[in-house]
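J.: Provided below for reference: sequence and predicted model.
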Amino acid sequence: MSVDYLSIKSLHVDYLQKGKMITAVDSVDLSLPQSKTGVIIGPSGCGKSTLFNVLAGLNHRYSGHVLINGKVPEGGGETALILQEYGLLPWKTVWDNVILGLQLRKKTTQEIQSQAATVLDKLGLLSLAKRFPAQLSGGQRQRVAIARALVLEPKLLLMDEPFSSLDALTREEIQDFLLQIWQETKLTILLITHNIEEAVFLGNKIFVMSPGPGSIIQVVENEMAGDYELRGKVPFLEMCSSLRSLLHRREQHAADI
Ligand SMILES: Nc1ncnc2c1ncn2[C@@H]1O[C@H](COP(=O)(O)OP(=O)(O)OP(=O)(O)O)[C@@H](O)[C@H]1O
């Protein structure tokens, strides 16, 4: 029996805003086995980032049960979070951005040098090590953000709309790149996207969220994910189409209430 690496049961998060309680997510149930990819898709404001803040250990004010590898999320450690804007420090070079986390973990200079060089080399970024983020393309910046996360050897990679600011072709290249990273490292990956094709291309499990306060309204098991040749194939297009209909129906239903 496979034990879920990530397990969320009855998650509920409220925010207090100007004296009023706002429910951001309600009754969220989600599970993901180790070394699988999960994609969360849902309308704006349904609570996707709220969910990630809990998983990244940044928000402890929730009710329900959340376990990552059997432990309550505390941040750091085995979990890495990559944000939409990449989170790179503009005044630091690629190299200095990548080694930051290792320095914070008080690694020796030798360990830092060797781990950073290995990851940058693997991701084809060594030649860019002395550049600053502003001197990189969007796709290169995204790869540096992935390098910065991977150098810490996480077991769970959380990515919050990581490719949303990339043009269509670069986006596909980076999706392929992420697939390659996943196949090599067998990381568990949970990714948020608004893009249906991306969800079907990358997600072994696709979690569809309802409009806010969000909950998971459908889980699509997707054995096709992980195939580089998938885009354009009939089953891929069919799954995208049915996911699109589901999301439209749900938005229409919410608008009618
Ligand atoms: N710090 C906060 N204080 C008060 N309300 C918040 C806070 N953060 C989020 N919210 C509210 O909680 C709800 C969920 O927000 P969240 O950012 O998690 O949604 P999302 O699905 O990630 O949205 P998007 O797709 O637009 O990024 C929204 O109604 C939002 O206004």
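T.: Right, received. Where do you want to start? Numbering: from 1, shown residues only.
J.: Every contact and neighbour count from this point should use C-alpha atoms.
T.: Will do.
J.: Around the ligand, pick out the residues from this protein.
T.: Contact residues (CA under 6 Å from any ligand atom) of the chain with the ligand: 15, 17, 24, 44-50.
J.: Swap in 8 Å and give it another go.
T.: 14-17, 22-25, 42-51, 194, 212-214 (CA under 8 Å from any ligand atom).
J.: quick check: domain ranges of the protein?
T.: 1-78+163-256, 88-153 (the TED database).
J.: Turn those into JSON lines, columns for mean neighbour count.
T.: As requested, the domains of the chain are exported to JSON lines (neighbours: other CA atoms under 10 Å):
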{"stretch": "domain 1-78+163-256", "mean neighbour count": "17"}
{"stretch": "domain 88-153", "mean neighbour count": "18"}
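J.: Kindly reformat the ones you listed as JSON lines and extend each row with mean pLDDT.
T.: Converted to JSON lines, the domains of the chain look like this (pLDDT from 0 to 100):
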{"stretch": "domain 1-78+163-256", "mean pLDDT": "90"}
{"stretch": "domain 88-153", "mean pLDDT": "90"}
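J.: those helices in the stretch 1-150 of the chain, which residues are they?
T.: Per DSSP state H, counting those that start in this stretch, the stretch 1-150 of the chain carries helices over the ranges 48-55, 94-104, 109-122, 138-150.
J.: Find the nearest non-adjacent residue to the residue of the stretch 51-200 of the chain found nearest the ligand, please.
T.: Going by CA to the nearest ligand atom, the ligand is nearest to residue 51 of the stretch 51-200 of the chain, at 6.6 Å. Excluding its sequence neighbours, the residue lying closest to residue 51 (CA to CA, 6 or more residues apart in numbering) is residue 25, at 7.5 Å.
J.: quick one: contacts for that neighbour?
T.: Applying CA atoms under 8 Å, 6 or more residues apart in numbering to residue 25 gives the contacts 11-14, 46-47, 50-51, 212-215.
J.: show me what contacts residue 54?
T.: 60, 62, 73.
J.: the longest helix in the chain is where?
T.: Ordering each helix of the chain by length in residues (DSSP state H) puts helix 234-256 first.
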